[in-house]
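Undergrad: Turn this into a model:
(4 chains)
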Protein chains: 2
Amino acid sequence: MSPLSSGLLGDLDPTSDRAVFRQIADQLREAIDRGRFREGEKLPSEAELVDHYGVSRMTVRNSFSILQGEGLVHAEHGKGVYVRPRPPVRRLASDRFARRHREQGKSAFIVEADAVGSHPKVDSLEVKEEKASQDISTRLGSVRRVLARRRRYLLDGRPVEFATSYLPLDIARGTQIAEPNPGPGGIYARLEELGHRLDHFEEEIRARMPSPAEVKTLHLAAGVPVIHLIRTAFDTEGRAVEVCDTVMAADAYVLAYQLPAT
Amino acid sequence: MSPLSSGLLGDLDPTSDRAVFRQIADQLREAIDRGRFREGEKLPSEAELVDHYGVSRMTVRNSFSILQGEGLVHAEHGKGVYVRPRPPVRRLASDRFARRHREQGKSAFIVEADAVGSHPKVDSLEVKEEKASQDISTRLGSVRRVLARRRRYLLDGRPVEFATSYLPLDIARGTQIAEPNPGPGGIYARLEELGHRLDHFEEEIRARMPSPAEVKTLHLAAGVPVIHLIRTAFDTEGRAVEVCDTVMAADAYVLAYQLPAT
DNA sequence: CTCCTTTAGGTATCTAGACGAGTGGGCGAG
DNA sequence: CTCGCCCACTCGTCTAGATACCTAAAGGAG
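TA: Here you go, the predicted model:
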């Protein structure tokens, strides 16, 4: 008993000027939206759809590729095409850098993940001095070389975020900030101990499709964009003391901000 | 003189286990990244690449479809495949709802666009009462019906943003907020005149691939995600007085926020 | 019972070609 | 000279295969 005989999918309209593969994609998309196929459920195989619609296999694959591009489904080699489950999202609140959180000890990422019962992990740690890019140099106020701290964050084994912090050498060199483990409260706590009392942060947010390297690093499925966040930390003297460049899997995050109406 | 004879593109590696169409996409991507093809410039035609690499046309098209999915190129029927130019981005600063801006008179969108020499336009205006969705109802504090204000924003003829504001009926009904033109300073100015002095806004930001309807409304090219922003306005009594649901073309925006380090 | 092989059923990649349809330049008729 | 048509070039869609590789379950060897 094929699932296609039960009326889940309709027929093609040969009089329509909409391409056949788009019509098939439309029907599959609507079936998914209506819940006829649930999250994680397998769609009919290519061969089944070829039989059902009486089209060639390339046409069916073309339909699937549309839905993949929309991030609705993903194909598993040798198994089938499945409705992509929506992963749990991590909410980044605008007070996530509040000093009271910093004074707890553990890193914000770890604390937060533990709170919701996830298993957090940080890997790909790299700390080194390097030449500042044009953009980073501008943001930090014309520095030539910087300390770069790279790390990748994982939740329950899934990579969700890749971040690089850049700090001026005259601040970071020789301090615990230049160590792989910056100690309790993270680098912001160290910066304050070094006399750079933090005043505010500026964040810039963009969204775009990932580069191949980002797809690899974040294990991104087709049709998943990334959120690109660039944060600059300013001390009370108005100096930019850190720039953090973060690329996040867009399906794993929702960012929350609070704005004054002043 | 074909551009392919000049060494812009290399050869395939038959010993590689990387699929041929991926290798071709890699070479094209690299050529674009290196500036061998500039923004708006035409890539070699499918036929030229077929000749150059000695593969079938479907393989070349497959390569192009990868680059399209990444938002790097776009095809124009009958003309060619072009490197997609990056449109100018509109920067949304975190003080964009400051009261001082509201008191100017014109809408924030118009003022801002005029300032950078763009031609702004607002269309698709629709104002009506309707049943609140579950989500909107929750955000507004269990209201059943709301006033919905829908509009689309265009810059220089290009649609960039589609927004819907929802307001509780007991606040908006019968006021100028229920009119297509809410008057100088927009609905926030009207809300304050009605005694709902604004205290702060909360914004939630997500990024995802657009639905087909959003592709149509925003004239989105392939490989362009959308930024989905949901803003809730609170008055000084802590009541949610408006929810604004906005879908933006991600390639047209960068959002900027300022966070206190408190 | 365990482990390996086989096999059926999936998707991944690629070929070769056909026809449709949009674009733009060249050329001939007027 | 101008207008309109034709044609070459381009991408869009679809067909009908072939081969490769992956997965999972069935079945046989030990």
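Undergrad: Tell me the residue of the stretch 51-200 of chain A that sits nearest chain B?
TA: Nearest residue of the stretch 51-200 of chain A to chain B: A:Leu198, at 3.8 Å (CB to the nearest CB). Every residue, glycine included, has its C-beta placed from N, CA and C.
Undergrad: what's the closest non-adjacent residue to that residue?
TA: Leaving aside its sequence neighbours, A:Leu198 sits nearest to B:Ala261 (CB to CB, 6 or more residues apart in numbering or on different chains; 3.8 Å).
Undergrad: about what we covered before: now the phi/psi pair for the residue of the stretch 51-200 of chain A closest to chain B, please.
TA: Phi and psi for A:Leu198, reported as degrees, to the nearest 10, are phi -80, psi 140.
Undergrad: quick one: it and A:Thr232 touch, right?
TA: No - counting by CB atoms under 8 Å, A:Leu198 does not reach A:Thr232; the two are 11.1 Å apart.
Undergrad: So for those two, which sits in the more crowded spot?
TA: A:Leu198 (21 against 18; other CB atoms under 10 Å in any protein chain shown).
Undergrad: Relative to A:Leu191, how far out is that one?
TA: Counting by CB to CB, to the nearest Å, the gap from A:Leu198 to A:Leu191 is 7 Å.
Undergrad: who's A:Ile205 bridged to?
TA: On the basis of DSSP bridges, A:Ile205 is bridged to A:Leu229, B:Leu255.
Undergrad: what number of residues lie near it?
TA: By other CB under 10 Å, 24 other residues sit near A:Ile205.
Undergrad: Give me the pLDDT value at it.
TA: What the model reports as pLDDT for A:Ile205 is 97.
Undergrad: For A:Tyr153, which three-state class applies?
TA: A:Tyr153 carries the three-state label strand when classified by DSSP: H, G, I helix; E, B strand; the rest coil.
Undergrad: and the residue nearest to it when sequence neighbours are not counted, what does it touch?
TA: Distances taken as CB to CB, 6+ apart place A:Glu161 nearest to A:Tyr153, at 4.3 Å, with adjacent residues excluded. By CB atoms under 8 Å, 6 or more residues apart in numbering or on different chains, A:Glu161 lies in contact with A:152-153, A:218, A:246-249, A:252-253.
Undergrad: Just the buried residues of stretch A:188-200, please?
TA: Neighbour-count burial for stretch A:188-200, counted by 16 or more other CB atoms under 10 Å in any protein chain shown, picks out A:188-192, A:194, A:196, A:198-200.
Undergrad: Just checking, which helix or strand of chain A averages the lowest pLDDT?
TA: helix A:99-102 (a mean of 72; mean pLDDT, DSSP states H and E).
Undergrad: Sketch out the low-pLDDT regions of chain A for me.
TA: Within chain A, the stretches with pLDDT under 70 are A:1-7, A:102-106.
Undergrad: Which secondary structure elements does the helix or strand harbouring A:Ile171 sit against?
TA: Using DSSP states H and E, A:Ile171 sits in helix A:169-172. Contacts defined by 3 or more CB pairs under 8 Å, 6 or more residues apart in numbering or on different chains; DSSP states H and E place helix A:169-172 against strand A:145-155.
Undergrad: where do the strands sit along the stretch 151-262 of chain A?
TA: Counting by DSSP state E, counting those that start in this stretch, the stretch 151-262 of chain A has strands at residues A:158-168, A:198-208, A:226-235, A:240-249, A:253-260.
Undergrad: could you dump these to JSON lines with distance to B:Pro85?
TA: Formatted as JSON lines, the strands of the stretch 151-262 of chain A follow (distance: least, CB to CB, whole Å):
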{"stretch": "strand A:158-168", "distance to B:Pro85": "27"}
{"stretch": "strand A:198-208", "distance to B:Pro85": "14"}
{"stretch": "strand A:226-235", "distance to B:Pro85": "19"}
{"stretch": "strand A:240-249", "distance to B:Pro85": "23"}
{"stretch": "strand A:253-260", "distance to B:Pro85": "28"}
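Undergrad: so which of the ones you listed gets nearest A:Asp17?
TA: Nearest to A:Asp17 among these is strand A:198-208 (32.3 Å), distances taken as CB to CB.
Undergrad: packing partners for that closest one?
TA: So strand A:198-208, by 3+ CB pairs under 8 Å, 6+ apart, packs with helix A:186-193, strand A:226-235, strand B:226-235, strand B:253-260.
Undergrad: To DNA strand D, which of the ones you listed lies closest?
TA: strand B:226-235 (21.4 Å; CB to the nearest atom of the strand).
Undergrad: Restricting to C-alpha, output that closest one in PDB.
TA: Provided in PDB are the C-alpha atoms of strand B:226-235 (Å, rounded to 0.1, in the frame of the first residue of the first chain):
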ATOM      1  CA  VAL B 226      15.000  36.700   5.000                       C
ATOM      2  CA  ILE B 227      15.400  38.300   8.400                       C
ATOM      3  CA  HIS B 228      12.200  37.800  10.400                       C
ATOM      4  CA  LEU B 229      11.900  40.500  13.100                       C
ATOM      5  CA  ILE B 230       9.100  40.500  15.700                       C
ATOM      6  CA  ARG B 231       8.900  43.700  17.800                       C
ATOM      7  CA  THR B 232       6.700  44.200  20.700                       C
ATOM      8  CA  ALA B 233       6.100  47.800  22.100                       C
ATOM      9  CA  PHE B 234       5.500  48.200  25.800                       C
ATOM     10  CA  ASP B 235       4.000  51.300  27.400                       C
END
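Undergrad: Show me which positions of that strand end up buried.
TA: So strand B:226-235, judged by 16+ other CB under 10 Å, has buried residues B:226-235.
Undergrad: which parts of the stretch 1-150 of chain A sit against DNA strand D?
TA: Residues of the stretch 1-150 of chain A lying close to DNA strand D (CB under 7 Å from any atom of the strand) are A:19-22, A:54-59, A:62, A:76-79.
Undergrad: Report the two of those separated the most.
TA: A:Ala19 and A:Gly78 (28.4 Å).
Undergrad: Between the two, point out the one with more neighbours.
TA: Applying other CB under 10 Å to A:Ala19 and A:Gly78 shows that A:Ala19 carries more neighbours, namely 12 against 5.
Undergrad: Let me see the contact set for A:Ile230.
TA: By CB under 8 Å, 6+ apart, A:Ile230 lies in contact with A:139, A:203-204, A:243-246.
Undergrad: and if we set it to 10 Å?
TA: Taking CB atoms under 10 Å, 6 or more residues apart in numbering or on different chains, we find A:Ile230 in contact with A:135-136, A:139, A:202-206, A:243-246, B:254, B:256.
Undergrad: List only those of these flagged as buried.
TA: If we count by 16+ other CB under 10 Å, these have these buried: A:136, A:139, A:202-206, A:243-246, B:254.
Undergrad: Not counting sequence-adjacent ones, nearest residue to A:Glu179?
TA: A:Val127 (7.1 Å).
Undergrad: Repeat that for A:Val73.
TA: Closest to A:Val73 by CB to CB, 6+ apart is A:Leu67, at 4.6 Å.
Undergrad: Is the one you found in a helix, a strand, or coil?
TA: helix.
Undergrad: who wins for neighbours among the contacts of A:Glu161?
TA: Result: A:Ala249 is most packed of the contacts of A:Glu161 (other CB under 10 Å), 27 neighbours.
Undergrad: ok now do it, which residues does it touch?
TA: Applying CB under 10 Å, 6+ apart, the residues contacting A:Ala249 are A:87, A:89-90, A:155, A:158-162, A:210, A:214, A:217-221, A:224-227, B:207.
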